[in-house]
Structures are given as C-alpha cells and as structure tokens.
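Undergrad: Any chance you can model this:
(one chain, ligands or ions: 1)
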Amino acid sequence: MSDCCSNKDGEKTCSEKKPSPRKFACPENMQQYIEVDKKTILQHIKSPWQYTLDELKYYFCDDPNCDIVYFGIKGSVINKAQLRTVIGKKEKDENALVCYCFGISKALAAQNPEIKTYVTQQTKEKNCACEVRNPSGRCCLKDFPNKH
Ligand SMILES: [Zn+2]
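TA: The predicted structure follows:
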C-alpha cells in the first residue's frame, strides 16, 4: 500500500504529492522547458496585479525565436511584450543582459573573462539573486560565453 495520504496527523493530502513535471512543452515551439517560480515571474511581468497566475506550475521558454516567455501547465502564456525585463537569451542584441544580478551584458561578458570569475565567486558566496533577478529563475553562469 502506498504511504501517500497515510500521514498519521492526517494533514497531508495527496494533491501535495501529486507528481507534476519539472519540464513541460512550450505551446509555441513544443520544446521542453524547466519550471520557474511564480515569485520569479512576478519580478518580470508588467502590471503583475493584472495576473492571477493561478496555474499549478509555470515554465520558462528561452528560445530566441519564440515569443512566449512563461507558460502555465494548462496553457496560459505570457509573451515578451508583457514583460518589463528584456530577456537576454531571446535577443540578439549584445547589450542585453546575461547576468541580471550584477548587470552584465553579453558584450561585457565576452570582452572581459574576469567578469565570469567575479560572478562565479559571488555565486559561491551566495551574493547573487538569480532565483528572482534572472527571468529564468536559474543561475546565469551557464549562459556566459565560454571562450574569449
Ligand atoms: Zn517557447
């Protein structure tokens, strides 16, 4: 017998344990993307008070050719035009940000490899705030250019 719901206090319900996917397909390009916290979305959408964000899960699409940025598990979508943050990964503009915590553009990161070292160090010291400042809700280091 499954121990789901068998909490002795009777407080936990199955719905809390219901598996829900960490990745889900963007309704536009059908690629799988990783989930993002509602807290993160609220930091980046324009007029957040106009949204209910009442879906169980949301995901972040970083495809430069796709207009959708956030999408819910039941199909609601938030487009680039609905954001107040420019998504660096979706823009070809070299001045778009790669690191939102420290305001580093793609061009700056490419020019000066020391910057990545700095960000790596700050990340180790937990001085970054990627989980909210980065619209993906994830660490920006993987987005840095690897070679000078
Ligand atoms: Zn998409």
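Undergrad: Residue 71 should be in a strand, yeah?
TA: Yes. Assessed with DSSP: H, G, I helix; E, B strand; the rest coil, residue 71 lies in a strand.
Undergrad: Apart from its neighbours in sequence, what residue is nearest it?
TA: Leaving aside its sequence neighbours, residue 71 sits nearest to residue 77 (Cβ to Cβ, 6 or more residues apart in numbering; 4.7 Å). Every C-beta, even on glycine, is put in place using the N, C-alpha and C of the backbone.
Undergrad: give the contact list for that neighbour.
TA: 27, 28, 68, 70, 71 (Cβ atoms under 8 Å, 6 or more residues apart in numbering).
Undergrad: one more time with 7 Å, if that's ok
TA: Applying Cβ atoms under 7 Å, 6 or more residues apart in numbering, we find residue 77 in contact with 27, 68, 71.
Undergrad: can you list the weak-confidence ranges in the protein?
TA: Counting by pLDDT under 70, the chain shows low-confidence ranges at 1-19, 147-148.
Undergrad: again, 50 this time
TA: 1-7, 9-16, 148 (pLDDT under 50).
Undergrad: Do a quick rundown of the strands in it.
TA: Secondary structure of the chain by DSSP state E: the strands cover 23-25, 32-36, 58-60, 68-72, 77-79, 97-99, 104-105.
Undergrad: Of these, which is nearest the ion?
TA: Comparing the strands of the chain by their distance to the ion (Cβ to the ion), the top pick is strand 68-72, with 4.2 Å.
Undergrad: Residue 131: neighbouring residues, count only.
TA: By other Cβ atoms under 10 Å, 16 other residues sit near residue 131.
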